[in-house]
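J.: Structure for this input, please:
(one chain, ligands or ions: 1)
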Amino acid sequence: MPTSSHPSRRHQHGDHRHGVISGWIVRPYDLFVGLVLRGTYRRIAESLTAGIAPGGRVLDIGTGPGHLVEAIARRRPDLTVTGVDPSADMLRQADRRLTGLPNAHTLQAAAEDLPSASDSIDVVVSTLSSHHWADPAAALAEQSRVLTPGGRLWLFDLTSHLAADIADQIEAAGLVRSDEDAGLSGFVARRLRLLAAQKPLSAA
Ligand SMILES: C[S@@+](CC[C@H](N)C(=O)[O-])C[C@H]1O[C@@H](n2cnc3c(N)ncnc32)[C@H](O)[C@@H]1O
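T.: Numbering: from 1, shown residues only. Have a look, this model is predicted:
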């Protein structure tokens, strides 16, 4: 069973509701991405998990209805996969999807205030969410904090929506940019950009 702490809202501090998606749009959004992007989430899950050691931890930021968490958790039952989102409505949808997957979890949290311990996450991933974050610099600093030394960040967003300075913000957060290939092609690859980075093994 997925575990979820969103009824308590215990990680929802401050004003992180900037681009939170809730209400009637949640179900149509879930249906739409399920139809259009299911194969994309599967390919991302394949590429992303290739280098993760058994028993590793993955955090999906702005998980929405949880399609990517499901794809990763199904592909690698040995991993613990957690999806966070400030939207209780999105997390309800995700919890339905993740029922029966013991290694999949959700938590109500914003990218700027993550519920994970420092140096605890092997891979942080996010799809289509970064342009919703209220404070991208703070969010990237949080992602850098929770990554293990050597841990990886895979940030996907619509090329047309990515902030011009997001790559600089990744580096300002102490991460080192890397070239990764998510194996995406065609229609999706032209619209989604991957910004990948790694946390240095030791502080410079
Ligand atoms: C377009 S949806 C993408 C959902 C999912 N990742 C996907 O690929 O379908 C954007 C998500 O980002 C979430 N979001 C908005 N502000 C956020 C923040 N500050 N931190 C984390 N997620 C946020 C929204 O609630 C929404 O679920």
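
J.: What about the closest residue to the ligand within the chain, how many residues nearby?
T.: Of all residues in the chain, the one sitting closest to the ligand is Gly64 (2.5 Å; C-beta to the nearest ligand atom). For the C-beta atoms, the positions are set from N, CA and C on the backbone; glycine is no exception. Applying other C-beta atoms under 10 Å, we find 25 residues neighbouring Gly64.

J.: any idea how far Gln93 is from it?
T.: Using C-beta to C-beta, to the nearest Å, Gly64 is found at 8 Å from Gln93.

J.: do Ala141 as well
T.: From Ala141 to Gln93 the distance is 29 Å (C-beta to C-beta).

J.: The two: who's more crowded?
T.: Ranked by neighbour count (other C-beta under 10 Å), Ala141 and Gln93 place Gln93 first, with 22 against 16.

J.: Verify the contact between the more buried one and Leu31 for me.
T.: No: Gln93 is beyond contact range of Leu31, at 10.0 Å (criterion: C-beta atoms under 8 Å).

J.: Does the helix or strand Leu31 falls within reach the ligand?
T.: Taking DSSP states H and E as the criterion, Leu31 maps to helix 26-49. Yes: residues of helix 26-49 are located near the ligand by C-beta under 6 Å from any ligand atom, namely Val33.

J.: Stretch 85-105: which residues count as buried?
T.: Residues of stretch 85-105 classed as buried by neighbour count (16 or more other C-beta atoms under 10 Å): 85-95, 97-98, 101, 103-105.

J.: what pLDDT, on average, does that stretch get?
T.: Averaging pLDDT along stretch 85-105 gives 98.

J.: do stretch 59-73 as well
T.: For stretch 59-73, the mean pLDDT works out to 98.

J.: Between the two ends of that stretch, how far is it?
T.: 11 Å (C-alpha to C-alpha, to the nearest Å).

J.: returning to that earlier point: determine the next helix or strand in the C-terminal direction from the helix holding Leu31.
T.: For helix 26-49, the following helix or strand on the C-terminal side (DSSP H and E) is strand 57-61.
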